[in-house]
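1. Any chance you can model this:
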Amino acid sequence: MKAIVLAGGFGTRIQPLTNSIPKPMLPILNRPMMEHIILKLKNELNITEIGVLLYFKPDIIKEHFKDGSQLGVNITYFQPDDDYGTAGAVAFAREFLNETFIIVSGDLVTNFEFKKIKKFHEEKKSKLTITLTSVENPLQFGVVIANEENRIEKFLEKPSWGEVFSDTINTGIYIIEPEILEYIPYKKNFDFAKDLFPQLMNDNIPLWGCSLKGYWRDVGNPESYRDVYKDIFNKEIELSIKGESTKIDDGIVYCEGKLKLPEKIRISGTVVLGENVSIAEGVTLKDCSIGNNVKIKKHTEITDSVLWDEITIGSKSKINNSIICNNNIIKDEVKASFGVIMAEHCEVNKRVSFEKDIIMWPDKVVEESSVVSTNIIWGNKYKSSIFEDGAVIGRTNIELSCQMSTKLAEAFGSILPVGSNIYISRDYHSTTFMLKRAFLSGILSTGVNVIDPGNIPSNVMRHELSKNDDVAAGVHFRQSIFKPDQTEIIFYTSEGLVIDNKLAQSIERIFFRENFRRVKYTEIGTLHEDVEMQDKYMHQILSSFDKSLFHKSDLKIAVDIMNGSTSNIYPQIMNQLGVENLILNAHKSENIKANDIEITQQNMRNIVRCMNLSCGFLIYPNGHKLQVIDDTGVLIYDYKLLLVILWLLDTTTDKKLKVLLPAWAPDFIEYKNIEITKAKLDNFKAEQLREYDLIADSDGHFAFSEFGLNRDSIFASFKFLELLKKSEKKLSKIISKIPEFCYQGENIPCPSSLKGKMMRKFLEDGKNYETSSIDGVKINFSEEEWILMVPDQHAEFLNLYVQAEDEKKAGKIFYRYQDKIEKWISE
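-> Below you'll find the model as predicted:
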């Protein structure tokens, strides 16, 4: 039996620990992680022929392991010339793999018994065996369901929370027969989970899942690296430690060289010392791993921490819950009581205090007596991705500083072709003006040209972006409506759609590695203004409607612009269409508060009712959301507005229409002329979206494909008026025609670590009913009654949606499952 160790990953999520070394070389008890894996393969399976797949920083791995003889194995290195994916990389070792082989990632920490996997593989006469285990947070892994015979039935790689159907995951440990290599193309991007496994399942080749219990951790971010050490010190996993052990006080010291410790020293827990470590008197060491050439001066405390090599720590310092990388200097009386993750080549001067758990990126200097309360790069986001649903969101001038904005631009520009054009727009706030200016300088430095339409709503820029083949992408800056201290930077594709996770991860990889493209001075991008975009947008809206329909109408409308960027557009369109109107809050204001929305809604209700208007519109500041007040002054809830628009479409058309909705949209009404598809909307490309007449949700967002594929409250509001006029009915009368039912959504607190378990429990609980997992888990009790649970992608709660005949039945379903969730969480 042979082995392949995967050691080519970029380690983007674990930055800055991998700033100068590849992730498999991160030290665990003064051995690289990958060394523990190689020793495990040799000791448990007696494997001596090991292939190592390299890509990122390969020389560091080669220099350490050489030919493998010092570990009693023979290592053959394989280095693809590009990133071909996990399976595509294995194809480069095809000639080496002439017998059964096991594949293991070099960045795992595990105590799984490899012999059990081999025995399972042989008993099943398997061609490909996947090792499975259960984890709290399955998002970064492939989620798996196997039947009672352990044959895999369903597989989904790196799902969102709404797609998680189990907490059983693919550990990345495989045993494979050589003939499976015939399915892997050479020099093509090919992934085990995304490509090979589905192909084998389609060809009816059984994939077997060997479920193991034990310790398994993918060291994917700085926190998980720190957690490995906590687990080691808490005896949850035992790994080999270099050197001799000596019991001192209440602890055990492992030392590679000759142990030289002063008499006045306190030791507790497990302490691991590398070579040439100097410890002064009065030092306290508790549960810590210290590398080579480290000097710790008098009366310093090191607890629950990891120190790499070439480090000096001054006297009377307190280092707790910390990771200190190579070549760092920490001077006297430094306090890091809550923790610090410090990349290499940093200098912390005397009497510095870290007031919370902090991350420091390489080459940083902290001045004497400083109080550090924020990460020295990027707010508190280092533990996860920068992007959330295609946007970067942060507190203005704190997480989202000018430096951050410039780096984002450099990363984004580096994935675009030199000489390409992009739109960059913003709202009118001074915060977005500042950050956009910083972004401009970064994007121009990558050789990308900028077309600046100025202060316009995002829906206007996106509409023009989707129509202009000469523009490669778009970026919009806006102040958050609900959290005014935050700025949102949204990135769009050439089709005007929000970028997907794959593209966001590509940008992040460049951002963290700082591998920015620097063009020659003759290729620096240019900046042009587009003063006609707004006029072109208004012209296209006006040409989309029959003006005579509105001129002849008796519609009287009130519109609240909500002090947004649509104030320069909406009144002009309304007046040119000839609709009698009252416009409110069409002026710019930077003093908007989150609770102003409720006041705005109440004011509009009063105005519509008192003035006997046909309806009232709330156009949200960035032109993306629409809310409607009916002619009696009642606010139409967002989900009911969707039903009103569907009713209008169904009754005013003779042709069949196609509508795309999310899984949680209400669905108790059947329509004569509308075919509804429910799906996860962000899985669709522009070409697929064009097949639908309306793309909408139950939150006030509407995209009519006759005009564009993007949420647009301006067009949607005039389309609504057109349909209302064609129906020749009052809005309140239309609402009364919609059958009575109850639809509600609530949030239930749930730790992210238990979301996968909740998805599995929901599926198990619904086994006697029809279930679906389009987005989340939906249990259908009847055709009209159901509950849907969708874990929130970013916050620690579950979204529960219930549809039932009346409020009493909906409440009964909701509270039943609320009790179940609370019970499942506490188990």
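2. Ignoring the adjacent residues along the chain, who's closest to E784?
-> F668 (4.5 Å; CB to CB, 6 or more residues apart in numbering). C-beta: built from backbone N, CA, C; applies to glycine.
3. Output the below-cut-off pLDDT ranges for the stretch 501-650 of the chain.
-> 592-595 (pLDDT under 70).
4. now do 90
-> Judged by pLDDT under 90, the stretch 501-650 of the chain has its weakly predicted residues at 501-502, 505, 508-515, 531, 547-554, 563-565, 568, 586-599, 621-624.
5. Could you pull out the helices in it for me?
-> 501-513, 533-542, 547-551, 570-577, 596-611, 638-651 (DSSP state H, counting those that start in this stretch).
6. Nearest to H587, out of these?
-> helix 570-577 (11.3 Å; CB to CB).
7. Tell me where the stretch 1-150 of the chain has strands.
-> Under the criterion DSSP state E, counting those that start in this stretch, strands of the stretch 1-150 of the chain are mapped to 2-7, 27-28, 31-32, 49-54, 74-78, 101-105, 108-110, 128-134, 142-146.
8. any chance of those strands in TSV, plus distance to T432?
-> Below are the strands of the stretch 1-150 of the chain laid out as TSV (distance: least, CB to CB, whole Å):
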stretch	distance to T432
strand 2-7	43
strand 27-28	43
strand 31-32	45
strand 49-54	43
strand 74-78	48
strand 101-105	42
strand 108-110	43
strand 128-134	44
strand 142-146	38
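9. These into CSV, with extra columns for distance to E796, mean neighbour count and mean pLDDT?
-> Listed next are those as CSV, based on distance: least, CB to CB, whole Å; neighbours: other CB atoms under 10 Å; pLDDT from 0 to 100:
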stretch, distance to E796, mean neighbour count, mean pLDDT
strand 2-7, 32, 24, 96
strand 27-28, 29, 22, 96
strand 31-32, 34, 20, 96
strand 49-54, 36, 22, 96
strand 74-78, 42, 17, 97
strand 101-105, 28, 23, 97
strand 108-110, 26, 23, 95
strand 128-134, 20, 23, 94
strand 142-146, 19, 22, 80
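10. List just the one of those that sits closest to C255.
-> strand 31-32 (14.6 Å).
11. what sits up against the closest one?
-> 24-26, 64, 240, 242 (CB atoms under 8 Å, 6 or more residues apart in numbering).
12. Of the residues you listed, which is the nearest to R151?
-> P24 (31.8 Å).
13. Give me the phi and psi for the closest residue to I252 other than its chain neighbours.
-> Nearest residue to I252, sequence neighbours excluded (CB to CB, 6+ apart): S245, at 5.4 Å. Dihedral angles phi and psi of S245 (degrees, to the nearest 10) take the values phi -100, psi 140.
14. what is S245 paired to in the beta sheet?
-> In this structure, S245 bridges to Y254 when assessed by DSSP bridges.
15. circling back to that earlier point, pull out the buried residues from the contacts of strand 31-32.
-> 24-26 (16 or more other CB atoms under 10 Å).
16. on that earlier part again, tell me if I'm right that the residue nearest to I252 and G251 touch.
-> No. Judged on CB atoms under 8 Å, S245 makes no contact with G251 at a distance of 10.3 Å.
17. For the two, indicate the residue with more neighbours.
-> A direct count of neighbours by other CB atoms under 10 Å for S245 and G251 places G251 higher, at 17 against 13.
18. Just list the residues touching that one, thanks.
-> 267-271, 285-286.
19. Could you save those as JSON lines and add columns showing neighbour count?
-> What follows is the contacts of G251, written out as JSON lines (neighbours: other CB atoms under 10 Å):
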{"residue": "I267", "neighbour count": "21"}
{"residue": "S268", "neighbour count": "15"}
{"residue": "G269", "neighbour count": "15"}
{"residue": "T270", "neighbour count": "22"}
{"residue": "V271", "neighbour count": "24"}
{"residue": "L285", "neighbour count": "27"}
{"residue": "K286", "neighbour count": "19"}
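20. what sits up against stretch 416-426?
-> Under the contact criterion CB under 8 Å, 6+ apart, stretch 416-426 has outside partners 432-433, 436, 439-440, 443, 446-456, 458, 460-461, 464-465, 470-478, 517, 519, 523, 530.
21. thinking again about what came up before, so the residue nearest to E784: helix, strand or coil?
-> coil (DSSP: H, G, I helix; E, B strand; the rest coil).
22. check contacts around it.
-> F668 neighbours (CB under 8 Å, 6+ apart): 739, 741, 783-784, 803.
23. just the strands in the stretch 451-600 of the chain please.
-> Counting by DSSP E, counting those that start in this stretch, the stretch 451-600 of the chain has these strands, from start to end: 473-479, 486-492, 527-529, 556-560, 580-584.
24. low-scoring stretches of the stretch 51-200 of the chain, by residue?
-> Those would be 55-57, 81-86, 134-148, 152-169, 191, 193-194, if you go by pLDDT under 90 across the stretch 51-200 of the chain.
25. Please identify the residue most distant from the middle of this structure.
-> Farthest-out residue of the chain from its mean C-alpha position, per CA atoms, centre = their mean: E263, at 50.7 Å.
26. What helix or strand is it located in?
-> Using DSSP states H and E, E263 falls within no helix or strand.
27. Tell me who's in contact with it.
-> When contacts are counted by CB under 8 Å, 6+ apart, E263 touches E281.
28. And N292, its phi and psi?
-> Per degrees, to the nearest 10, the backbone of N292 is at phi -90, psi 150.
29. longest helix anywhere in this protein?
-> Ranked by residue count and defined by DSSP state H, the top helix of the chain is helix 807-826.
30. Can you list the buried residues in that helix?
-> Buried residues in helix 807-826, defined by neighbour count with 16+ other CB under 10 Å: 809-810, 813-814, 817, 821, 824-825.
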